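[1] Fold the following.
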Amino acid sequence: MEAKLSQRLSENQKMLDKLLHVKENFDLIERTFMIADKQACFYVIDGLNKDEILEKIMESFLKLKPEDVPPQAQQFSEFLVPYGEVDVLKDLPQIVPMLLSGVPVLLVDGYVEAIAVDFRTYPARGIEEPDKDKVLRGSKDGFVETIVFNTAMIRRRIRHPDLIMEITAVGKSSHTDVVISYMKDRVDEKFLAKIRRLLSEIKVDALTMNTESLAETLYRGNWINPFPKFKYTERPDTAASAILEGSIVLLVDNSPSAMVLPTTLFEITEEADDYYLPPVTGTYLRLSRLAINIAALLLTPTWLLFLKYPEWLPPALEFTKITDTINVPILVQLLLLEFAIDGMKLAALNTPSMLSTPLSVIAGIVLGDFTVKSGWFNSETMLYMAFVAIANYSQASYELGYALKFLRVILLLATGLFGVWGYAGGLIFAFLTMLLTRTLSNESYLYPLIPFNGRELFRRLFRISLPKAVQDNKK
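    I've put the predicted structure just below:
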């Protein structure tokens, strides 16, 4: 099949009808009409364009006289198409992906180019605040599945000519739009070139899982490492702040999440509330979040260690000893509860909203009372695992929560099987896992702790002023 269009409209129609299976697709509309003395044809996808705009454009075409129609498609697009977003396409590899993404394409007899008039519109939900990443104060809008809306929300916050929005397509079949957003005067040019190269080298059929599919094709490191290599956010203000600080933000069409890169462990744990509240409150929240996550990792393994070596228990913590009968080994109880909590999460995701409250009450009664009375679990085990379950929600990253969970399970198994040596080995394993993890820019995942940068570490732990990007702009 030829990649070029011919001057005869009938040949172009025959070629596109066969390629696009127009007769078999009910939603692909082929509308033939006259422009002065020339025959023309519009190809549109039903449901992805604004009908009233199509009607007005065709109405303007019907008013043209033969002497008004220029001999070149470029001149026609510039002077006679009453719309802003117009492009001239010369071959099928350009036309077909554009048309299938929803852009109406106009063919005119005598022109060897097609005219793309971008008045498409995608079905979209409201830009309400995301459920997972809420704030007490600040903006209440959030990214949606339409990439143009997401870029617009960032541009609304950064009104600077150095804000760049590059677009590329990824996926042999899907041709998914991916936008690279950055500040031209602040971004690391070497890292930007690396991102462009990685995106151009991606050879996949489709980004079926949106940002996750893109993440797995960009970062081809050790797949068994659970720590997130990207920071995901559904908040436009968070994405804009990252761009102003020199980071790169990737937006994927059909996904409400933006990918911030490169990112370290300390950046992933930051949240918008840290900056929307006064410095002392933001610092308290940040340090509390850090302490809670460390406690969620170490609480149950440390308690299990003291149960194995009660002589090491300080007198002030004697009350943590179990006085009731232990029917099931504590290690088994803790592991069962780890899986039970995940089971409850999965059940909550698939429970209709009208049934979530009564089922939560039933689950709370059964797990909170009957399981202890039955002898399966001790009350202390239930208490500490309840804290761990709640602590997982102290930060917004699902990936980081499960990374800490996997390390906690490894620590539990090592401590339960090998005692103090297993506990020490588990701690070393956890630290080495984070130490050997690299960002996409091949930097340390624990920066600014390793390599140590005291000033930057202080800024990551204590929120004593505005974000760095805002400070730089004030100077």
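[2] now the stretch 301-450 of the chain, which segments are flagged as low pLDDT?
    Judged by pLDDT under 70, the stretch 301-450 of the chain has its weakly predicted residues at 354-370.
[3] give me phi/psi at the spatially most central residue of the chain?
    Ranked by distance to the mean C-alpha position of the chain (C-alpha atoms, centre = their mean), the top residue is Ser257 at 3.0 Å. Here is the backbone geometry of Ser257 (degrees, to the nearest 10): phi -110, psi 140.
[4] doesn't Glu234 make contact with it?
    Yes: contact status for Ser257 versus Glu234: in contact at 5.6 Å, counting by C-beta atoms under 8 Å. The C-beta positions use only the backbone N, C-alpha and C, and glycine is treated the same way.
[5] re earlier: with Ala169 as the reference, measure out to the residue nearest to the centre of the chain.
    Remark: distance between Ser257 and Ala169 (C-beta to C-beta, to the nearest Å) = 19 Å.
[6] do Glu30 as well
    Following C-beta to C-beta, the distance that separates Glu30 from Ala169 is 24 Å.
[7] One more: His175?
    From His175 across to Ala169, the span is 4 Å (C-beta to C-beta).
[8] Of the two, which one has the most company?
    His175 (17 against 14; other C-beta atoms under 10 Å).
[9] Next up, the contacts around that one.
    Residues in contact with His175 (C-beta atoms under 8 Å, 6 or more residues apart in numbering) are Pro97, Leu100, Ser101, Ala169.
[10] same thing but at 7 Å, please
    When contacts are counted by C-beta atoms under 7 Å, 6 or more residues apart in numbering, His175 is found next to Pro97, Ser101, Ala169.
[11] quick one: low-confidence ranges for the stretch 151-300 of the chain?
    With pLDDT under 70 as the threshold, the stretch 151-300 of the chain has low-confidence stretches at 221-222.
[12] hmm, back to that, shared neighbours of His175 and Ala169, anything?
    Shared between the contact lists of His175 and Ala169 (criterion: C-beta under 7 Å, 6+ apart) are residues Pro97.
[13] Helix or strand: which one has Ala152?
    helix 147-157 (DSSP states H and E).
[14] Check Phe42 too.
    Element membership for Phe42 (DSSP H and E) is strand 38-45.
[15] In terms of secondary structure, what does that strand contact?
    Applying 3 or more C-beta pairs under 7 Å, 6 or more residues apart in numbering; DSSP states H and E, one finds that strand 38-45 contacts helix 9-20, strand 28-35, strand 105-108.
[16] mind checking which of these is nearest Leu299?
    Ranking these by distance to Leu299, with C-beta to C-beta as the measure, places strand 28-35 first at 58.4 Å.
[17] From the chain's centroid, how far away is the closest one?
    Its chain's C-alpha centre lies 39 Å from the corresponding centre of strand 28-35 when counted by C-alpha atoms, centre = their mean, to the nearest Å.
[18] Quick check: neighbours of it in the sheet, parallel or antiparallel?
    strand 38-45 (antiparallel) (DSSP bridges).
[19] Give me the angle between the strand it pairs with and helix 9-20.
    Here strand 38-45 points in a direction 10 degrees away from that of helix 9-20 (axes from the mean of the first three to the mean of the last three C-alpha atoms, to 10 degrees).
[20] now strand 38-45, how far from the centre of its chain.
    Averaging C-alpha positions (C-alpha atoms, centre = their mean) puts strand 38-45 38 Å from its chain's average.
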